[in-house]
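**Student:** give me the fold of what follows.
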Amino acid sequence: MGLSVFNVIPKELTNGDLSVIVEISLGIIGYLVGGSLNLGILKRFGKQIVVITCSQLMGAWILVTILLAFLAPFIIKFAIPNSNFYQTYLPPAIVIGAISCATAPAATIAIIREYKASGPLTSTLLAVIAIDDALCIIAYALGLSVAEVLTIGSLSNIPWLQIIMVPVLDIGGAILLGTILGFGMTYLIHFADTKKRLSVIVLGIILLCVSMAKILNISSILANMIMGFVVTNRIRPNENAFEVIDEIDEIVFAMFFTLAGAHFDLGVMKEAGILSLLIVA
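**Tutor:** Residues are numbered from 1 along each chain as shown. Sure thing, here's the model as predicted:
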């Protein structure tokens, strides 16, 4: 349905008006991921979660960086005078390596909810996904700053305060927003005497979180994860703040993956050539 095949959904539409559907879908997915992080589970599997997350993140970053840095010179030739390997090939490899640390939660959540999976493995997997999102923001900021230092070749011209504060404000803002709205949701849920009213409260606050995150230019999915985490650890057992999503989750996943596929542009891969295959591999 995208640009590369039938072009039913034009590129202007996927990047324009329909992009809000992707943002809302990611907000709901983030809320579900956060809702799976019970404090009891985190205390029980905390050590394993930390080890897996750090190993996965650093492993992907280092492997992709090394692969691209040493294979790129044989594929791409930079005609930049007075430059060397550390100023041309290594910086983009570090940044792409940092981006590769990201774990896509949508597909994982879709499979888990489709098969109604539960247990230690599922709980650990969801916790790793949630923590990885926050760490990837830090990894990208660090990778970008290192790449900038290597490209410029001087430490004196680097805006260190800006480089440090951007990820701190992004993560801190998302945590603060998610916490405030999470407490707000747990308070309002007490007044939901019907399932319809509960659905309105839950979906309304998720939409509010997505909108506020966009306005504040912070991570929407991380803010919704924090909100889901706060809600799941504060609500009573009989308050089904997550089961109301069951009625719409298939529609949400269908819209998200359809639009994600519509963004796929084979022309970009053709221009990148073998480099795109290296990144995917």
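**Student:** please count neighbours and contacts with C-alpha atoms only from this point.
**Tutor:** Will do.
**Student:** how about residue 102, secondary structure?
**Tutor:** coil (DSSP: H, G, I helix; E, B strand; the rest coil).
**Student:** grab the nearest non-local neighbour of it.
**Tutor:** Once flanking residues are discounted, residue 102 sits nearest to residue 136: 5.8 Å by CA to CA, 6 or more residues apart in numbering.
**Student:** element containing that neighbour, please.
**Tutor:** helix 120-152 (DSSP states H and E).
**Student:** could you point out which element follows that helix?
**Tutor:** Downstream of helix 120-152, the next assigned helix or strand under DSSP H and E is helix 160-189.
**Student:** if we can go back for a sec, thought the residue nearest to residue 102 was touching residue 98?
**Tutor:** Yes. Using CA atoms under 8 Å, residue 136 is in contact with residue 98, at 7.0 Å.
**Student:** neighbour count winner among the two?
**Tutor:** Comparing residue 136 with residue 98 by neighbour count (other CA atoms under 10 Å), the higher total belongs to residue 98, at 27 against 20.
**Student:** show me what contacts the more buried one?
**Tutor:** Going by CA atoms under 8 Å, 6 or more residues apart in numbering, residue 98 touches 61, 136, 139, 140, 143.
**Student:** can you redo the residues you listed as JSON lines with distance to residue 112 and pLDDT?
**Tutor:** Shown next, in JSON lines, are the contacts of residue 98 (distance: CA to CA, whole Å; pLDDT from 0 to 100):
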{"residue": "61", "distance to residue 112": "26", "pLDDT": "90"}
{"residue": "136", "distance to residue 112": "23", "pLDDT": "83"}
{"residue": "139", "distance to residue 112": "27", "pLDDT": "84"}
{"residue": "140", "distance to residue 112": "28", "pLDDT": "82"}
{"residue": "143", "distance to residue 112": "32", "pLDDT": "84"}
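**Student:** which one of those is nearest residue 24?
**Tutor:** residue 136 (20.8 Å; CA to CA).
**Student:** tell me who's in contact with the closest one.
**Tutor:** Residue 136 is in contact with 57, 98, 99, 101, 102, counting by CA under 8 Å, 6+ apart.
**Student:** just among these, which is most surrounded?
**Tutor:** Using other CA under 10 Å as the neighbour criterion, residue 98 leads these with 27 neighbours.
**Student:** if I look at that one, how far off is residue 149?
**Tutor:** 16 Å (CA to CA, to the nearest Å).
**Student:** all helices of the chain, in order?
**Tutor:** 11-14, 19-35, 39-71, 85-88, 90-99, 105-115, 120-152, 160-189, 195-216, 220-232, 249-262, 266-272, 274-280 (DSSP state H).
**Student:** looking at the ones you listed, which is buried most?
**Tutor:** Among the helices of the chain, helix 220-232 has the highest mean neighbour count (mean count of other CA atoms under 10 Å), at a mean of 29.
**Student:** now for it, which elements pack on it?
**Tutor:** For helix 220-232, the elements it packs on are helix 19-35, helix 120-152, helix 160-189, helix 195-216, judged by 3 or more CA pairs under 8 Å, 6 or more residues apart in numbering; DSSP states H and E.
**Student:** let's go with 6 Å and repeat that
**Tutor:** Under the contact criterion of 3 or more CA pairs under 6 Å, 6 or more residues apart in numbering; DSSP states H and E, helix 220-232 touches helix 19-35, helix 160-189.
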